[in-house]
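Trainee: I would like the atomic coordinates for the input below:
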Amino acid sequence: MLDSALPIGSFAHSYGLETLVQKGEIRTGADLHRYLAGMLRQSWAVSDAMVIKAAYGKPEKPGRQELPASAEFAESLEYACRVERLVHLQRLGIETREGIEKTGRRLLKLAPALWPELPLEDLRQAVSERRSLGTHPLVYGWICLKLGVPLDRAAEGYLYMCAQTCVNAALRLMAMGQQEAQRILSRTLPSIAEAWQEARGMDPEEAYGAMPLAEMAMIRHERLYSRLFMS
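Mentor: As a prediction, the model looks like this:
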């Protein structure tokens, strides 16, 4: 699921980066690296990754009654859907909201071809009934849960995917070669682990985003004169 070539449409989205490049806010590899570090700590780890964490179940509380496995999954999904909606409504850019829904639903549609035996009917039904918005972090998190991927690996994998998508978009927007792009992504790896370690103790229902410049770029993207990306 971390392969940038996975056919879910991620390549078509810059999530506001195109606006920042056109407006001159991001000009160099160093600018891009700082942007990635900020997005990891103040957006992706404390918002999208909280949806993934919610998919793995509610925080344990003293005296909580143990439930059968099927009931645990149902409760986890309802909780994740609630956190998903909370996080998604915080996204101000219409293109960004639509992009994250589209990539998530494409991943859900692709899943049976990749994992034929994986039971995902519960999530498909939740999306069909609009209890879930089918966003990328929830679909990704739910699949990771059903595959038995540990939470830390799933969350850090998603953060890597966000950084990779951003760097791939920068390759088409900036005067940057493949080698520099890979160096920037490599230098970002420690920030991925650090961002998740800082955020992993959060209650998912406390998810937030604190990158106003990036949010404004996402909003303004639809009004750019020329665009390579859908968001």
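
Trainee: Using the three-state scheme, assign Pro116.
Mentor: Classification of Pro116 using DSSP: H, G, I helix; E, B strand; the rest coil returns coil.

Trainee: what about Glu198, neighbour count?
Mentor: 13 (other Cβ atoms under 10 Å). (Each C-beta comes from the backbone N, C-alpha and C, glycine too.)

Trainee: I misspoke; the intended subject was Ser132.
Mentor: 26.

Trainee: how near is it to Leu36?
Mentor: 28 Å (Cβ to Cβ, to the nearest Å).

Trainee: Next: Arg183.
Mentor: Arg183 is 12 Å from Leu36, by Cβ to Cβ.

Trainee: With Ile192 instead?
Mentor: 9 Å.

Trainee: Now do the helices in this structure.
Mentor: 17-22, 29-39, 48-55, 69-89, 94-114, 121-128, 136-147, 151-173, 178-199, 212-220 (DSSP state H).

Trainee: Dump these into a markdown table; add distance to Glu205 and mean pLDDT as well.
Mentor: Shown next, in a markdown table, are these (distance: least, Cβ to Cβ, whole Å; pLDDT from 0 to 100):
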| stretch | distance to Glu205 | mean pLDDT |
| --- | --- | --- |
| helix 17-22 | 29 | 95 |
| helix 29-39 | 22 | 96 |
| helix 48-55 | 8 | 97 |
| helix 69-89 | 6 | 87 |
| helix 94-114 | 19 | 95 |
| helix 121-128 | 18 | 96 |
| helix 136-147 | 14 | 97 |
| helix 151-173 | 16 | 96 |
| helix 178-199 | 13 | 97 |
| helix 212-220 | 21 | 92 |
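
Trainee: Out of the ones you listed, which one sits most buried?
Mentor: helix 48-55 (a mean of 28; mean count of other Cβ atoms under 10 Å).

Trainee: Alpha carbons of it, in PDB - could you do that?
Mentor: Coordinates of each C-alpha in helix 48-55 appear next as PDB, following Å, rounded to 0.1, in the frame of the first residue of the first chain:
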ATOM      1  CA  ASP A  48      -4.700  11.600   9.600                       C
ATOM      2  CA  ALA A  49      -2.700   9.300  11.800                       C
ATOM      3  CA  MET A  50      -5.300   9.700  14.500                       C
ATOM      4  CA  VAL A  51      -7.900   8.200  12.200                       C
ATOM      5  CA  ILE A  52      -5.600   5.200  11.700                       C
ATOM      6  CA  LYS A  53      -5.100   4.900  15.500                       C
ATOM      7  CA  ALA A  54      -8.900   5.100  16.000                       C
ATOM      8  CA  ALA A  55      -9.300   2.100  13.600                       C
END
